[in-house]
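In: Structure for this input, please:
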Amino acid sequence: MAPGRLCNKDGWILMAMVLTEFSNVGVNTLVKSVTSKGLSPFVVLVYAYTIGSLILLPLAFFSFRSRSLPPLSFSVLCKMVLLGLIASAFQIAGYNGIKYSSPTLSSAMSNVNPAFTFILAVVFR
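Out: Numbering: from 1, shown residues only. Sure, this is the predicted structure:
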């Protein structure tokens, strides 16, 4: 493919990043709208996880892998549970923050995540 065209692999990655940012802004605006009308951020989180599960669960049955998965050990299971608890706590904090501020601030703060990740990677090597 010719360089400079948006049909190559980098163009798809760019388009995925742009769609992710648009969906992030849309979700932030939706959360602000429903929480200002009285819906709890916890209920919004349950709805978001339910919709995500309904979308992603069928994909697990349609993906064909030629290799077998490694065994699920207790330590891996504990790490998965800990990651899920931390992620849901961050989402609850984020939804509560949107409830008391604006979705514009939340979208701007989400753009700082790569910088924080880089700083933490440098600190913890």
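In: Quick check: what element follows the helix or strand where Leu19 lies along the chain?
Out: Here Leu19 sits within helix 9-36, counting by DSSP states H and E. Going down the chain from helix 9-36, the next helix or strand is helix 41-62, by DSSP H and E.
In: Please state the offset of that following helix from the chain centre?
Out: 12 Å (C-alpha atoms, centre = their mean, to the nearest Å).
In: mind listing what's buried in stretch 26-43?
Out: Across stretch 26-43, burial judged by 16 or more other C-beta atoms under 10 Å covers Val27, Asn28, Thr29, Val31, Lys32, Val34, Thr35, Pro41. Quick note: C-beta positions are derived from backbone N, CA and C, even for glycine.
In: For the residue positioned nearest the centre of the chain, give me its contacts.
Out: By C-alpha atoms, centre = their mean, the chain has its centre lying nearest to Asn24, at 8.4 Å. Listed by C-beta atoms under 8 Å, 6 or more residues apart in numbering, the contact set of Asn24 reads Ser107, Ser110.
In: Next one: it from Ala16, what distance?
Out: Separation of Asn24 from Ala16 (C-beta to C-beta, to the nearest Å): 13 Å.
In: One more: Val44?
Out: For Val44 relative to Ala16 (C-beta to C-beta), the value is 24 Å.
In: between these two, which one's more packed in?
Out: Val44 (20 against 10; other C-beta atoms under 10 Å).
In: The more buried one against Gly94, yeah?
Out: No: the pair Val44 / Gly94 is not scored as a contact, 10.5 Å apart, by C-beta atoms under 8 Å.
In: how much space between Ile55 and Tyr49?
Out: 11 Å.
In: Between these two, which has more neighbouring residues?
Out: Neighbours per residue, other C-beta under 10 Å: of Ile55 and Tyr49, the larger number sits with Tyr49, 14 against 9.
In: The closest residue to that one other than its chain neighbours in helix, strand or coil?
Out: Distances taken as C-beta to C-beta, 6 or more residues apart in numbering place Ser88 nearest to Tyr49, at 7.7 Å, with adjacent residues excluded. Under DSSP: H, G, I helix; E, B strand; the rest coil, the three-state class of Ser88 is helix.
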